[in-house]
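S.K.: Here is the input, now give the coordinates:
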Amino acid sequence: MEAMVNTVKGWQENPVKFARSHGVSLSPEAEESDSEQKGIHILIIEGFLIYNYKPLIDVYDKCFYISIPYEECKRRRGTRTYTVPDPPGLFDGHVWPMYLKHRKDMDNNCNRIEYLDGMTTKEDIYNAVYKTIQNSLLNNL
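M.R.: Numbering: from 1, shown residues only. Predicted coordinates for the structure are as follows:
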């Protein structure tokens, strides 16, 4: 997690230089911006437990969390194919209890999370995030 914090901070210092050094293609507008010209740069960090490490939480401008109920989570997990299949009882005996533990920690660690309903369409989730980011950018201009 400490390495992730350092990576994000490296990106924050100079997003264009960071992107180039990591082989990321940039738009012409982004190519023109440098440390003197502040363009709009958006870094999306996704993953499990990203709201459970305080130093990482401190670098986020916006926090989103897509949640689904137990039944849907179990159903989706059951549709996945793993090289080594889940042993019987793994979801109820380990996966879900650990999710609940880490979710509680997350709720205690970060009070800026915007919760999104994972039962809605991907388009609805995208639109909600897009609207929040767009409003944030407009309010900071």
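
S.K.: which secondary element of the chain has the worst mean pLDDT?
M.R.: Scoring the helices and strands of the chain by mean pLDDT, DSSP states H and E places helix 28-32 at the bottom, with a mean of 72.

S.K.: helix or strand right after that one?
M.R.: Downstream of helix 28-32, the next assigned helix or strand under DSSP states H and E is helix 54-57.

S.K.: quick one, what contacts the residue nearest to the spatial centre of the chain?
M.R.: Centroid-nearest residue in the chain: residue 46, 2.8 Å away (criterion: Cα atoms, centre = their mean). Not one residue lies near residue 46 by Cβ atoms under 8 Å, 6 or more residues apart in numbering. In this view, the C-beta of every residue, glycine as well, is placed from N, C-alpha and C.

S.K.: Now it: phi and psi?
M.R.: Phi and psi for residue 46, reported as degrees, to the nearest 10, are phi -130, psi 150.

S.K.: Show the pLDDT at it.
M.R.: Reported pLDDT at residue 46 in the predicted model: 92.

S.K.: now the strands for this protein?
M.R.: For the chain, the strands defined by DSSP state E occupy 63-67, 113-117.

S.K.: Tell me which of these sits most buried.
M.R.: Most buried of those, by mean neighbour count (mean count of other Cβ atoms under 10 Å): strand 63-67, with a mean of 16.

S.K.: What are the contacting residues of that strand?
M.R.: Taking Cβ under 8 Å, 6+ apart as the rule, strand 63-67 contacts 51, 57, 106, 110, 112-118, 125, 129, 132.

S.K.: Low-confidence stretches in this structure?
M.R.: 31-38, 141 (pLDDT under 70).

S.K.: can you do 90?
M.R.: For the chain, the stretches flagged by pLDDT under 90 are 1, 16, 19-20, 22-42, 47-48, 58-59, 140-141.

S.K.: orientation of the biggest helix by length in the chain relative to strand 63-67 in degrees?
M.R.: Longest helix of the chain, by residue count under DSSP state H: helix 122-139. On the basis of axes from the mean of the first three to the mean of the last three Cα atoms, to 10 degrees, helix 122-139 is oriented at 170 degrees to strand 63-67.
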